[in-house]
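**Student:** below are the sequence and a predicted model; questions follow.
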Amino acid sequence: MPYHADNKKKKVTTLKEAITKFNDLKNKPKSNMKSDGKLSTRQKEILKTHKEHHSKLHIDFMKYLMTKKNYCFEIAHSLAKKIAGK
């Protein structure tokens, strides 16, 4: 069977695309945190060291998940790896 470029998964390159892909996910984990729409001091500290190893898109998507969707760091990280990549 020949390889077709159309069958290749499209890489997410913007935060908007990542959010759209997240919204299309079927089995999303339940949110497990309460958020006032801001990152806590602890979350900011963790992200500061975390961003050395990950792309800006990955970090921005994690921030979105933690503030707007109320996910903890661990769940946000696994979803960001799955959707936005490293």
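**Tutor:** Thanks, I have it. Numbers count the residues shown, from 1 in each chain.
**Student:** ok, now which ones touch Lys34?
**Tutor:** Shown in contact with Lys34 (CB atoms under 8 Å, 6 or more residues apart in numbering): Asn70. Heads up, the C-betas are built off the backbone N, CA and C, glycines and all.
**Student:** report the rounded mean pLDDT for stretch 31-40.
**Tutor:** Stretch 31-40 carries an average pLDDT of 89.
**Student:** pretty sure Leu47 contacts Lys63?
**Tutor:** Yes. Counting by CB atoms under 8 Å, Leu47 does reach Lys63; the two are 7.1 Å apart.
**Student:** give me the common contacts of these two.
**Tutor:** The contact lists of Leu47 and Lys63 share Leu39, where a contact means CB under 8 Å, 6+ apart.
**Student:** what's the neighbour count on the residue lying closest to Lys11 once chain neighbours are set aside?
**Tutor:** Distance criterion CB to CB, 6 or more residues apart in numbering; nearest residue to Lys11, sequence neighbours excluded, is Gly85 at 7.2 Å. Per other CB atoms under 10 Å, the neighbour tally for Gly85 reads 15.
**Student:** separation between Gly85 and His77?
**Tutor:** 12 Å (CB to CB, to the nearest Å).
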